[in-house]
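>>> here's a sequence, model it:
(one chain, ligands or ions: 2)
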Amino acid sequence: MARNSLTHYLIRCEREHGIDPNLRLLIETVARACKTISHAVGKGALWGGGADGGVLGSAGSTNVQGETQKKLDVIANEILVEANEWGGHLAGMASEEMDNPLGIPVAYPRGHYLLLFDPLDGSSNIEVNVSIGTIFSVLPAPAGMADDDDEAQHFLQPGHRQVCAGYAVYGPQTMLVLTVGHGVVTFTLDRDTGSFVLTQENNRVPPDTREFAVNMSNARHWDAPMKRYIDECLAGKEGPRGKDFNMRWIASMVSDVHRIMQRGGIFLYPWDKREPDKPGKLRLMYEANPMAMLIEQAGGAATDGRQRILDIVPTRLHQRVSVMIGSKNEVEYVTGLHAATSRAAA
Ligand code: AHM
Ligand code: MG
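Ligands and ions are numbered 1, 2, ... in the order given. This is a model prediction of the structure:
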């Protein structure tokens, strides 16, 4: 086993931090599934011999959130489920692409963890050959969870209970970015050997930034503090922030957060008034929570504009949330603007 492999890193975590060997085996299984997804993404129209456009195009179905599923959403979901259901490390799985949690088939042993994932994040980028990813989160299975129990309530734990969070980004390189609660590490997939090789240890997000990521086409629907924040950024040097800002938007949370993980920045997907009953577009349990754990572990911050994302007590598996995540001082600044508006209203 190479000294800079994923297995080597996780064994080090076992020895130095006492992480559970079963958690290591679970993470290795997820990583193997991500390699398979990476292979499918890389094949594109050639997957399966090129029949029916390979992995590209619509699956002709919708998920529980009413979104049209792409073929790759469904394929990536199947890859993750098949890889993880028989290993004996899980008590259940939940996914953006499945209405309800999936129990472990009786034929297989059950473990003590719950795995949640967004199998293919940034689906609108699939056809245009732009970076996409997989996001995952691991929670402990509650002590009282019975053997045949796959109820959603067991998954409804705040993000600070996560024991592992990670994402794979399928870009020019495939990378796996991971935390088991002891900092953030990055692995790059060596396509020759099929191994994830440790290429960056102790990832840190700079506390200050001049770069924001937001879908500006929604600006007219935002609430006052959000509008004010972006107006201040756009005012640049002459405005209250006294510095020019740059903007980036890839439309794949994995890719936008990965850029922030590398060089700082702030990613925002706020509540907007088009659907006032929905707190935002992104999902708490398998998008915001794992990204919040990773970014906090790298020294950044993540809020919904009012409170720390990792402290939100979920009430529904597919619940949505407003997301402001990235460089610590910038997240604190925009959260402060929201708090000031709430105080003024009170
Ligand atoms: P998905 O998980 O169905 O792909 O949707 C989530 C994605 C995020 O990755 C991205 O930040 C956002 O939706 C893009 O939204 P928009 O279409 O407004 O640009
Ligand atoms: Mg997503």
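
>>> ranges for the strands of the stretch 1-150 of the chain?
Listed in chain order, the strands of the stretch 1-150 of the chain (DSSP state E, counting those that start in this stretch) span 58-62, 68-70, 90-95, 113-121, 132-140.

>>> as a markdown table, these with mean pLDDT and mean neighbour count would be great.
Placement of C-beta: from N, CA and C, glycine included. Converted to a markdown table, these look like this (pLDDT from 0 to 100; neighbours: other C-beta atoms under 10 Å):
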| stretch | mean pLDDT | mean neighbour count |
| --- | --- | --- |
| strand 58-62 | 79 | 13 |
| strand 68-70 | 80 | 17 |
| strand 90-95 | 95 | 24 |
| strand 113-121 | 97 | 28 |
| strand 132-140 | 98 | 26 |
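
>>> now do stretch 208-217: everything it contacts.
The contact list for stretch 208-217 (C-beta atoms under 8 Å, 6 or more residues apart in numbering) reads 230, 233, 243-251, 256, 259-260, 263-270, 326-327, 329-330.

>>> mind checking which of those residues are in helices?
Judged by DSSP state H, the contacts of stretch 208-217 include 230, 233, 256, 259, 260, 263, 329, 330 as members of helices.

>>> filter those down to the buried ones.
Buried subset of these (neighbour count, 16 or more other C-beta atoms under 10 Å): 230, 233, 256, 259, 260, 330.

>>> pick out the residue of the stretch 151-300 of the chain closest to ligand 1.
Residue nearest to ligand 1 within the stretch 151-300 of the chain: residue 253 (3.4 Å; C-beta to the nearest ligand atom).

>>> for that residue, which non-adjacent residue is spatially closest?
Sequence neighbours aside, residue 121 is the residue nearest to residue 253 in space, at 5.6 Å (criterion: C-beta to C-beta, 6 or more residues apart in numbering).

>>> in the stretch 51-200 of the chain, where is pLDDT below threshold?
Applying pLDDT under 70 to the stretch 51-200 of the chain flags residues 148.

>>> chain neighbours aside, what residue packs nearest to residue 198?
residue 4 is the one closest to residue 198 (C-beta to C-beta, 6+ apart), at 4.3 Å.

>>> distance of the one you found relative to ligand 2?
Between residue 4 and ligand 2 the computed distance is 30 Å (C-beta to the ion, to the nearest Å).

>>> can you pull the pLDDT of that residue?
Here the pLDDT value assigned to residue 4 is 92.

>>> correct me if wrong: it contacts residue 197.
Yes. Using C-beta atoms under 8 Å, residue 4 is in contact with residue 197, at 5.4 Å.

>>> the more surrounded of these two?
Taking other C-beta atoms under 10 Å, residue 4 and residue 197 do not tie; residue 197 has more neighbours (17 against 14).

>>> need the contact partners of the helix or strand where the more buried one lies.
Secondary structure from DSSP states H and E places residue 197 in strand 195-201. Residues outside strand 195-201 that contact it (C-beta under 8 Å, 6+ apart): 2, 4-6, 8-9, 31, 35, 175-176, 183, 185-190.

>>> dump it to CSV, restricted to CA.
Only the C-alpha atoms of strand 195-201 are listed here, as CSV (Å, rounded to 0.1, in the frame of the first residue of the first chain):
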residue,chain,number,x,y,z
SER,A,195,-5.8,5.1,-6.7
PHE,A,196,-6.7,8.3,-4.9
VAL,A,197,-3.3,9.8,-4.0
LEU,A,198,-3.0,12.4,-1.2
THR,A,199,-2.0,15.6,-2.9
GLN,A,200,-2.9,18.3,-0.3
GLU,A,201,-3.0,18.0,3.4
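
>>> may I see the buried residues of that strand?
195, 196, 197, 198.

>>> who's the second one bridged to?
So the one you mean is residue 196. For residue 196, the beta-bridge partners are residue 189 (DSSP bridges).

>>> surely residue 140 and residue 92 touch.
No. Residue 140 is not in contact with residue 92 according to C-beta under 8 Å; the separation is 11.6 Å.
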